[in-house]
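Chemist: structure of the sequence below:
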Amino acid sequence: MKKIIYLAWMALCSFHAYGQTDTTFYKGADISWTTQLEAEGHRFYNQKDEERECTALMKELGLNAIRLRVWVDPEDGWSSKEDMLTLAKRAQANDMELMVDFHYSDFWADPAHQTIPRAWQNLSFEDLKVAVATHTRDVLLLLKNSGIKPRWVQVGNETSDGFLWEVGRASTNMPQYAALTTAGYDAVKDIFPETTVIVHLDNGFNNELYNYIFDGLKANGGKWDMIGMSLYPYWSIMYKHVKNADEAITRCMDNIRRMSRKYNCPVMIVETGMESAKPEEGKAQLARIIRQARMETEGKCRGVFYWEPECKPTPYVLGAFTADGHPTAIMEAFTEN
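Modeler: Here you go, the predicted model:
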């Protein structure tokens, strides 16, 4: 009987079993746009005006991890599994850890868009679970066959109201969202049993949102190893979620502590970005986020990733490079912590 009780307890705790022993603090960046920028003729340079390949430049700037998104069947080929593999090979060549971010869509998946891929649109719920698992395994097998093992895999991108709408919309069908998440989780473990699986939401300062989603996942058998958060002070202020950057950062750090205690699992800020037009202010904000995430979260925050720092300042306004491919002062925050 004791053995049965112990095994049952282990099953209940399986959602946070992985990723607990790694105490390294990771400083990373999502640079998924790199290949497209290169194809458009864009080049990257260090502060000495020496040309560098983007991944190698990130390593030179003090980062130790790279995050890459993957879409199911993108029309133009960017962020396809093959495009992702190209950059994953560069990350490995530079001895950088890899995070794979599954969007489960043919284009952007985020809190406003979680569109079912074209090829999956007529599938039943049961068949969607199979499609999620099959796609996840196929992408990860591509990496495995190239000798690449991701340290982390995100099952969905900013799934603050689920993914694969309307079938997996959390606010209207939490059990199906949980089941789709679990299908992705199990597929990851089939290929890479030790890889940490992340469930990622936006608005890292919003404790109510995180309680709602992770309580719902837990109640419906959802699995995860790590909680991923987005933290964008700029957008949070613009959409009047917070009064200022200080409030956004302070509340996010509090949420990290609360969620890690509640679920006994690590947390990571998997997306952040600062206003490129104000590099010194952005540097100070990013330095604070890295410092507090590392020192003031009881050891539970395992890293901070900047989203697309290498992009041009227009049209995206939260990059950390100049229009001619040089890092701004914002990137200095990674070497100061």
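Chemist: use CA for all of it now, contacts and neighbours both
Modeler: Will do.
Chemist: ok, Ile198 - contacts?
Modeler: In this structure, Ile198 makes contact with 152-155, 224-228, judged by CA atoms under 8 Å, 6 or more residues apart in numbering.
Chemist: most neighbours, which of those?
Modeler: Per-residue neighbour counts (other CA atoms under 10 Å) across these peak at Met226, which has 30 neighbours.
Chemist: can you list phi and psi of it for me?
Modeler: The main-chain torsion angles of Met226 are listed as degrees, to the nearest 10 and equal phi -140, psi 150.
Chemist: hmm, it is touching Val199, no?
Modeler: Yes: using CA atoms under 8 Å, Met226 makes contact with Val199 at a distance of 6.7 Å.
Chemist: Ile66 - that's part of a strand, no?
Modeler: Yes: the assignment for Ile66, made by DSSP: H, G, I helix; E, B strand; the rest coil, places it in a strand.
Chemist: please report how far it lies from Glu247.
Modeler: Here Ile66 is placed at a distance of 28 Å from Glu247 (CA to CA, to the nearest Å).
Chemist: how many residues are close by Arg52?
Modeler: Counted with other CA under 10 Å, residues neighbouring Arg52 total 15.
Chemist: distance check, it against Arg169.
Modeler: Distance, Arg52 to Arg169, by CA to CA: 42 Å.
Chemist: repeat for Asp110
Modeler: For Asp110, the distance to Arg169 - CA to CA - is 12 Å.
Chemist: now Thr297
Modeler: Taking CA to CA as the measure, Thr297 falls 31 Å from Arg169.
Chemist: now do Thr196
Modeler: Where Arg169 is concerned, Thr196 sits at a distance of 24 Å (CA to CA).
Chemist: which of these two has more neighbours?
Modeler: For Thr196 versus Arg169, the count of surrounding residues by other CA under 10 Å is larger for Thr196: 23 against 20.
Chemist: looking at the more buried one now. What's its pLDDT?
Modeler: Residue-level confidence at Thr196 comes out at 99, pLDDT.
Chemist: number of residues surrounding the spatially closest residue to Pro74 that is not a sequence neighbour?
Modeler: The spatially closest residue to Pro74, leaving aside those adjacent along the chain, is Asp106, at 4.8 Å (CA to CA, 6 or more residues apart in numbering). By the other CA under 10 Å criterion, the neighbourhood of Asp106 contains 21 residues.
Chemist: please shift the residue numbers so they start at 35 in all later answers.
Modeler: Will do, 35 is the new start, and the previous item becomes Asp140.
Chemist: confidence score at Asp140?
Modeler: For Asp140, the model assigns a pLDDT of 99.
Chemist: neighbours of the closest residue to Leu119 other than its chain neighbours, how many?
Modeler: Nearest-residue entry for Leu119: Leu177, 6.7 Å, with adjacent residues in sequence omitted and distances by CA to CA, 6+ apart. When neighbours are defined as other CA under 10 Å, Leu177 has 20 of them.
Chemist: go ahead and confirm Ile65 touches Trp341.
Modeler: Yes: with contact defined as CA under 8 Å, Ile65 reaches Trp341; the gap is 7.1 Å.
Chemist: just the strands in this structure please.
Modeler: In the chain, the segments counted as strands under DSSP state E are 60-64, 78-79, 85-86, 99-104, 131-136, 186-189, 230-235, 260-265, 301-306, 335-341.
Chemist: distance to Gln148 added to those strands, as a markdown table?
Modeler: A markdown table is the format used below for these (distance: least, CA to CA, whole Å):
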| stretch | distance to Gln148 |
| --- | --- |
| strand 60-64 | 20 |
| strand 78-79 | 32 |
| strand 85-86 | 35 |
| strand 99-104 | 14 |
| strand 131-136 | 12 |
| strand 186-189 | 13 |
| strand 230-235 | 13 |
| strand 260-265 | 17 |
| strand 301-306 | 18 |
| strand 335-341 | 19 |
